[in-house]
Structures are given as C-alpha cells and as structure tokens.
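>>> Sequence and predicted structure are below.
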Amino acid sequence: MNGAVLVTDAGYGQNADFRAGLTERGHAYGAGIRGDLTVQPCDASLITSAGSGDGRPPLPGTRGHP
C-alpha cells in the first residue's frame with residue numbers, strides 16, 4: 001500500500017491498539033473520533049488542586065505537562 005492513506009471511522013479511531021498497529025506497519029492514516037474523546041500528548045499528566053480539606057476530595061482537573 002505504498003503512498004496510500006487509510007481512513008477509518010470513529011469505531012476504529014477510538015481503538016488505540018488498531019492505530020498502534022497501523023503505525024508499526026508504517027501506514028499513514030486518518031481516523032474519526034467520537035465527540036467526547038480528548039487527545040493529549042503522551043507525556044501529559046493530570047493536575048489536581050490540593051483542595052481545602054473540607055468536604056469531598058477534589059476531582060482530577062485539567063491535563064498538563066509534567
């Protein structure tokens with residue numbers, strides 16, 4: 001498939017193992033994703049506020065770089 005670009009729908013686009021397999025084989029691809037999926041760099045980490053100590057513990061916040 002030299003020079004070909006594979007295009008997939010969101011069903012395959014959300015499958016990380018499928019996308020990794022395409023990359024390992026050297027295929028260029030474009031993949032649809034669901035609207036609720038987010039994308040971050042590999043080295044992103046969750047940033048959580050310390051909280052006040054009262055009430056419920058804080059939920060994970062935004063993503064950021066380490």
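Perfect, thanks for sending it.

>>> Spell out which helix or strand contains residue 18, please.
Using DSSP states H and E, residue 18 sits in helix 16-24.

>>> counting contacts, what elements does that helix pack onto?
Counting contacts by 3 or more Cβ pairs under 8 Å, 6 or more residues apart in numbering; DSSP states H and E, helix 16-24 is packed against helix 10-13, strand 28-31. Just so you know, the C-beta spots here come from the backbone N, C-alpha and C atoms, and that holds for glycine as well.

>>> tell me the mean pLDDT for stretch 20-28?
Averaging pLDDT along stretch 20-28 gives 94.

>>> pull the CA atoms of that stretch into CSV?
Provided in CSV are the C-alpha atoms of stretch 20-28 (Å, rounded to 0.1, in the frame of the first residue of the first chain):
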residue,chain,number,x,y,z
ALA,A,20,-0.7,1.5,17.0
GLY,A,21,-0.7,-1.5,14.6
LEU,A,22,-1.1,0.8,11.6
THR,A,23,1.8,3.0,12.9
GLU,A,24,4.0,-0.1,13.5
ARG,A,25,3.4,-1.2,9.9
GLY,A,26,4.3,2.3,8.6
HIS,A,27,0.8,3.2,7.3
ALA,A,28,-0.4,6.8,7.1
